[in-house]
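**Student:** one predicted model, sequence on top.
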Amino acid sequence: MKKIQILGTGCPKCKKLYEATQQAVKDLGIEAEVTKVDDIAEIMKFNVMSTPALAVDGQVKATGRIPKSKELHAMIS
């Protein structure tokens, strides 16, 4: 099972990325745990300076933006 983390403090873009990621997981039919990380100290451990950010299995895939659906699918599959 993949571990997908949305890194952000809860801004509207962070929420939108969370929803888009959940939809992408559903579309792809994969097993994944999607969690929000809103603790600044935890976010800093990823060396992320711009939120929202997407991490898949501990690896940052995107920062400071919401990837398009097709790109999101490629990042998490």
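**Tutor:** Thanks, I have it.
**Student:** C-alpha only now, for contacts and for neighbours.
**Tutor:** OK.
**Student:** other SSEs contacting the longest helix seen in the chain?
**Tutor:** Taking DSSP state H as the criterion, the chain has its longest helix at helix 12-28. Secondary-structure packing of helix 12-28 (3 or more CA pairs under 8 Å, 6 or more residues apart in numbering; DSSP states H and E): strand 2-7, strand 32-37, helix 69-76.
**Student:** hey, what's residue 34 bridged with?
**Tutor:** residue 4 (DSSP bridges).
**Student:** that one: neighbouring residues, count only.
**Tutor:** Other residues lying near residue 34 total 18 when counted by other CA atoms under 10 Å.
**Student:** give the contact list for it.
**Tutor:** Neighbour list for residue 34: 3-6, 18, 21-22 [criterion: CA atoms under 8 Å, 6 or more residues apart in numbering].
**Student:** need the max-distance pair from those.
**Tutor:** The distance between the two most remote of these (CA to CA) is 13.1 Å, for 3 and 18.
**Student:** quick one: mean pLDDT over stretch 50-63.
**Tutor:** On average, the pLDDT along stretch 50-63 is 97.
**Student:** and the contacts of it?
**Tutor:** For stretch 50-63, contacts defined as CA under 8 Å, 6+ apart pick out 2-9, 13-14, 17, 46, 48, 64-66, 75-76.
**Student:** any idea which residue sits dead centre in this protein?
**Tutor:** residue 54 (2.9 Å; CA atoms, centre = their mean).
**Student:** pull up the pairing partners for the helix or strand harbouring it, direction included.
**Tutor:** Assigned by DSSP states H and E, residue 54 belongs to strand 53-56. For strand 53-56, the paired strands and their directions (DSSP bridges) read strand 2-7 (antiparallel), strand 59-63 (antiparallel).
**Student:** tell me which of those is the most buried.
**Tutor:** For these, the largest average neighbour count (mean count of other CA atoms under 10 Å) is found in strand 2-7, namely a mean of 22.
**Student:** was I right about residue 43 contacting residue 6?
**Tutor:** No. With contact defined as CA atoms under 8 Å, residue 43 does not reach residue 6; the gap is 9.4 Å.
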